[in-house]
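Chemist: for reference, the sequence and a predicted model appear below.
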Amino acid sequence: MTLPAAIALASENHPVLRAAAHDVAASVAAVDQARQLPNPELSYLREGMTPAAVPPPSN
């Protein structure tokens, strides 16, 4: 085995370097997700509903 091959093999399998590579991938994915449009939200407000006008919940 040549020295460059041994260095490449050690670099590919070093746990700290592998963890750093996963951190980079997670950061890239987080940027992609942040660029997406937010999920739409819907709100509804109705005034004038008294407790007597609200039908009881059905099961």
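Modeler: Nice, thanks for sending it over. Residues are numbered from 1 along each chain as shown.

Chemist: now the longest helix belonging to the chain: average pLDDT?
Modeler: Selection of the longest helix in the chain by residue count, based on DSSP state H, yields helix 15-35. Helix 15-35 comes out with an average pLDDT of 94.

Chemist: what's the spacing between it and its chain's center?
Modeler: 11 Å (CA atoms, centre = their mean, to the nearest Å).

Chemist: using PDB, list the CA coordinates for it.
Modeler: C-alpha atoms of helix 15-35 as PDB (Å, rounded to 0.1, in the frame of the first residue of the first chain):
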ATOM      1  CA  PRO A  15     -14.600   9.200  12.900                       C
ATOM      2  CA  VAL A  16     -14.100  12.900  13.500                       C
ATOM      3  CA  LEU A  17     -13.800  13.600   9.800                       C
ATOM      4  CA  ARG A  18     -16.800  11.400   9.000                       C
ATOM      5  CA  ALA A  19     -18.900  13.300  11.600                       C
ATOM      6  CA  ALA A  20     -17.800  16.600  10.200                       C
ATOM      7  CA  ALA A  21     -18.800  15.500   6.700                       C
ATOM      8  CA  HIS A  22     -22.300  14.500   8.100                       C
ATOM      9  CA  ASP A  23     -22.500  17.900   9.800                       C
ATOM     10  CA  VAL A  24     -21.800  19.600   6.400                       C
ATOM     11  CA  ALA A  25     -24.400  17.600   4.700                       C
ATOM     12  CA  ALA A  26     -27.000  18.400   7.400                       C
ATOM     13  CA  SER A  27     -26.200  22.100   7.100                       C
ATOM     14  CA  VAL A  28     -26.600  22.000   3.400                       C
ATOM     15  CA  ALA A  29     -30.000  20.300   3.800                       C
ATOM     16  CA  ALA A  30     -31.100  22.900   6.400                       C
ATOM     17  CA  VAL A  31     -30.300  25.700   4.000                       C
ATOM     18  CA  ASP A  32     -32.300  24.000   1.300                       C
ATOM     19  CA  GLN A  33     -35.200  23.600   3.700                       C
ATOM     20  CA  ALA A  34     -35.000  27.200   4.800                       C
ATOM     21  CA  ARG A  35     -35.300  28.300   1.200                       C
END
